[in-house]
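> The following block contains a protein sequence and its predicted model.
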Amino acid sequence: FFFLNPKHMAPISCPLLFILAFIVYGQYGSADASASPNIVMVVMDDVGWSDLSFNGGEIPTPNIDALRSEGISLNKHYIHLMCSQSRSQILTGRYAMYMGVGKMQPYDDSEIGGIPLGQPTVANWLKATAQYTNYAVGKWHVGYAYEGLIPDNRGFDHFFGFYQGGIDYVTLKYKDIQYGETNYYDMWEDGEPYSYVAEFAADEESNSMDLYRDKIVEYINDDERDSDSPFFMYLPLQAVHVPMSTIASKTSECERLLGNNRSRIRQKYCENLMHTDDIIGDIIDELKRQDLWSNSLFVFTADNGADISFGGCNYPLRGTKGTFYDGNIRTYALISGGVIPEAQHNTERDALFSSLDWTPTFLEFAGVLDTVEAAGGEQHWDGMSQYDLIMQPTKKGLTARDHIVINIGDYERTSESIVFEGSDGHLYKYMAAQDMNFWAYMFLDGWCVPEPGNFWNIEEDTSADDDDLSSAFNNQLFLFDLTEDMGERVNLLKVADRKSSAEEMIAYAHQLTAPFVEHQLYHAPMDFLWTRRDIGDPANLGDGSFVFPFLDKHGYLQLLAEGFDDLEDEDAVSDALKELYLNEWQPPQFVVVNKQSHVIHSVEFIAVLSVVFIVAAIAMHHYCKQYGGKYKGYSALPDYPNVATACENSKGYLFE
């Protein structure tokens, strides 16, 4: 009734109209791009838990250390599986087991595996909802058989790097996971072969990491990017993956640091890690030089732990790259940048954090998560936003994880892994270990144990010895108390006075994992996605060729359909999973999809504002006539001069 009285309405009518219009428009309008932060995510390859100097490592990493001291450290950040599957889950927030690829086997050349066409990446979401310009530099490794799988068609405006699992740092030639060195190039820029491979390889001191650095700096200064457009940079750097090159500028320093007991591979690991730290410093310096750091979120993490066969060290964690031990799946994650409040600098978070959580977390930082969730429809990710954990860790009612399902390899759950909190507040890990839990090409496993004199001893895994407390129970089951046993050396199922309580905890773990195999997208690993196809063999094009996408859309979809058909007799694939692979994702209609949408939404806003204004003006006119009749005309309102003026204006401009 307050607003129906012209005495009250007139003085506030104009601002009220705009407020109402913004409220209405805000229900479906796009995010304000200028308010969204730049997001830079560095994903290192195979870095060790104890190899960063802020965590006691012998190799100096001052720039990475600065991210820790000027930001936040996530101490219980878990990735899922390794390599390709880990990267796809970081990029999409969706479980690999919900894409039928939940096992320790990265993609290789001539295979059709990759992020399904119907599964959006975080780059897709940021571009569609908040007008981000997106860049990717480094190692892709999540599909290349068909051009629809490469980064240029997965939400990224620009890509510079390679599609496969590894290349030589100097020659830029592809290194096959199974067969080793090849004579085929794998370096791409925006979907085209990199033009300067021969010139680059001619200089023996060249290093692909320097190429990435230069391209990242170029993208930071991209003149074609709209000045009001935030950017997302996904930087899956090549280092410290093999085959590592010698970095001459770091050789003498690493020799001094490591001493006479150093191994050749540890020497190379040291040189490449120091070189990578320099490059990360260059990226940060450029962001600051261009006055972009203050509005940037900078994340540093890794796709999996170190391969201890190739010079990395995960001490005190157990295991190597390609296992379900924490040495592989527990990786450091650092969060820095100007958007992190100074009060949160040099702080830690001990809460569970899954790599699946990055997608919704980034969307909340961009200011669009609520809009996406409010729109309803299918949930395209399995993670949860950890924005509050990062920015407001003491917030009342903060939602925290109490478990992370790492992976489930089969419907019977004879292969599964989960980290969960027990009733005693301790953190436990349960594993039912089968072949798919471990990478087929793993060379060495165990504990890397640093000893005096910089000698890094490898204590090999003795779990094959049934008398060893670290070994599996019944050749399959593990339960570790990670709170008391960070190194996973005591399987509680083999401790007599803990066996009963351990079995109760396993029953609880089974309760947690049971719903996951009932999900409409769940499927055991579909092996046809890893089948090498003769049509994709790089040898078909001869030495010196590039490892090209080898299928058109029709051919790709046909191979998928044939693969699904072959599974029907054994283990039918759900319609939902088929659709995920066979149908391309389309942004929901409410989101912004291109630059023209700025104009479209401006027209929408004007239309909404006009409707609100006309409705309010008609109401004003109605009540002005009512009072006008009472006082013999609009001007005869001596007690209400503002109302009189408003009524005269409404009569003059709208109704005469």
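Cool, the structure landed.
> residues in contact with stretch 524-534?
Defining contact as C-beta atoms under 8 Å, 6 or more residues apart in numbering, one finds that stretch 524-534 is touched by 100-103, 105, 107-113, 145, 409-411, 436, 540, 550, 559, 562-563, 566-567, 571, 573. All C-beta spots, glycine's among them, are computed from the backbone N, C-alpha and C.
> which of those residues count as buried?
100-103, 105, 107-113, 145, 409-410, 436, 550, 559, 563, 567, 573 (16 or more other C-beta atoms under 10 Å).
> any idea which element residue 405 lies in?
Element membership of residue 405 [criterion: DSSP states H and E] is strand 403-408.
> send the alpha carbons of that strand over as PDB?
What follows is strand 403-408, C-alpha atoms only, in PDB (Å, rounded to 0.1, in the frame of the first residue of the first chain):
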ATOM      1  CA  HIS A 403      34.800 -38.700   1.000                       C
ATOM      2  CA  ILE A 404      36.200 -38.800  -2.500                       C
ATOM      3  CA  VAL A 405      35.500 -41.800  -4.700                       C
ATOM      4  CA  ILE A 406      38.700 -42.100  -6.700                       C
ATOM      5  CA  ASN A 407      37.400 -44.700  -9.200                       C
ATOM      6  CA  ILE A 408      35.300 -47.800  -9.600                       C
END
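> angle of whichever helix or strand comes after that strand against strand 403-408?
Sequence-wise, the next helix or strand downstream of strand 403-408 (DSSP H and E) is strand 416-421. Orientation check (axes from the mean of the first three to the mean of the last three C-alpha atoms, to 10 degrees): strand 416-421 against strand 403-408 gives 170 degrees.
> Can you work out which other helices and strands pack against strand 416-421?
strand 403-408, strand 427-432, helix 499-513 (3 or more C-beta pairs under 8 Å, 6 or more residues apart in numbering; DSSP states H and E).
> On the three-state scheme, the residue nearest the centre of the chain is what?
By C-alpha atoms, centre = their mean, the mean C-alpha position of the chain lies nearest to residue 90, the distance being 3.1 Å. Judged by DSSP: H, G, I helix; E, B strand; the rest coil, the three-state class of residue 90 is helix.
> For it, give me its contacts.
Neighbours of residue 90 in contact, by C-beta under 8 Å, 6+ apart: 41, 43, 79, 301, 303, 355, 358.
> rerun at 7 Å
Residue 90 makes contact with 43, 355, 358, according to C-beta atoms under 7 Å, 6 or more residues apart in numbering.
> ditto for residue 469
With contacts defined as C-beta under 7 Å, 6+ apart, residue 469 is in contact with 489, 490, 491, 494.
> could you dump those to CSV with neighbour count?
Formatted as CSV, the contacts of residue 469 follow (neighbours: other C-beta atoms under 10 Å):
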residue, neighbour count
489, 13
490, 17
491, 22
494, 21
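> what's the strand holding residue 405 packed up against?
strand 416-421, helix 499-513 (3 or more C-beta pairs under 7 Å, 6 or more residues apart in numbering; DSSP states H and E).
> Now do the first one, average pLDDT.
Taken as a whole, strand 416-421 has an average pLDDT of 97.
> any idea how far that strand is from the chain center?
The chain centre lies 21 Å from the centre of strand 416-421; the measure is C-alpha atoms, centre = their mean, to the nearest Å.
> in that strand, what counts as buried?
Buried residues in strand 416-421 (16+ other C-beta under 10 Å): 416, 417, 418, 419, 420.
> Residue 254 touches residue 267, doesn't it?
Yes - between residue 254 and residue 267 there is a contact under C-beta atoms under 7 Å: 5.5 Å.
> quick one: residue 327 is in a helix?
Yes - Residue 327: assigned to a helix according to three-state DSSP.
> so what pLDDT did it get?
Looking at residue 327, its pLDDT stands at 96.
> circling back to that earlier point, now, which of the buried residues of strand 416-421 sits nearest residue 58?
Closest to residue 58 out of the buried residues of strand 416-421 is residue 419 (28.9 Å), distances taken as C-beta to C-beta.
> show me what contacts that closest one?
With contact set as C-beta under 7 Å, 6+ apart, residue 419 has these partners: 78, 352, 403, 404, 406, 427, 429.
> One more pass at 8 Å, please.
78, 352, 403, 404, 406, 427, 428, 429, 482.
> Parallel or antiparallel, which strands does the strand holding residue 405 pair with?
With DSSP bridges as the test, strand 403-408 is paired with strand 416-421 (antiparallel).
> so the partner strand versus helix 499-513, what angle?
On the basis of the same axes, to 10 degrees, strand 416-421 is oriented at 110 degrees to helix 499-513.
> Quick check: residue 381 vs residue 523, distance?
Distance, residue 381 to residue 523, using C-beta to C-beta, to the nearest Å: 18 Å.
> same thing with residue 191?
To residue 523, residue 191 is 30 Å away according to C-beta to C-beta.
> what about the strands in the stretch 451-600 of the chain?
455-460, 477-481 (DSSP state E, counting those that start in this stretch).
> Between those strands, which one is closest to residue 396.
Smallest distance to residue 396 across these (C-beta to C-beta): 30.1 Å, for strand 477-481.
> ok, and what's touching the closest one?
With contacts defined as C-beta under 8 Å, 6+ apart, strand 477-481 is touched by 426-433, 472-473, 488, 490-493, 502, 505-506.
> Give me the angle between that strand and strand 416-421.
Going by the same axes, to 10 degrees, strand 477-481 makes 20 degrees with strand 416-421.
> Going forward, the N-terminal residue is numbered 352.
All set: I'll call the first residue 352, so the last point we hit is now strand 828-832.
> just to revisit the earlier point, okay, residue 605 and residue 618: which has more neighbours?
Neighbours were counted for residue 605 and for residue 618 using other C-beta atoms under 10 Å; residue 605 has more, 22 against 19.
> That one against residue 621, yeah?
Yes - using C-beta atoms under 8 Å, residue 605 makes contact with residue 621 at a distance of 3.8 Å.
> ok, residue 637 - contacts?
By C-beta under 8 Å, 6+ apart, the neighbours of residue 637 are 567, 568, 571, 572.
> Am I right that it falls within a strand?
No - counting by three-state DSSP, residue 637 is not part of a strand but helix.
> what's the distance between it and residue 686?
19 Å.
> How about residue 860?
For residue 860 relative to residue 686 (C-beta to C-beta), the value is 29 Å.
> same thing with residue 547?
According to C-beta to C-beta, residue 547 stands 35 Å off from residue 686.
> Over to residue 426?
12 Å.
> These two: which has the busier surroundings?
Counted by other C-beta under 10 Å, residue 426 and residue 686 do not tie: residue 686 has more neighbours, with 26 against 13.
> That one: helix or strand, and which one exactly?
Residue 686 is part of strand 684-687, with elements assigned from DSSP H and E.
> Pull up the pairing partners for that strand, direction included.
If you go by DSSP bridges, strand 684-687 pairs up with strand 423-429 (antiparallel), strand 647-653 (antiparallel).
> for residue 583, phi and psi?
In terms of degrees, to the nearest 10, the main-chain angles of residue 583 are phi -120, psi 120.
> what's the closest non-adjacent residue to residue 793?
Closest residue in space to residue 793, ignoring its immediate chain neighbours: residue 673 at 4.4 Å, by C-beta to C-beta, 6 or more residues apart in numbering.
> so where does residue 471 fall, helix or strand?
Here residue 471 sits in a region with no helix or strand, counting by DSSP H and E.
> And for residue 525?
Element membership for residue 525, per DSSP H and E: strand 524-527.
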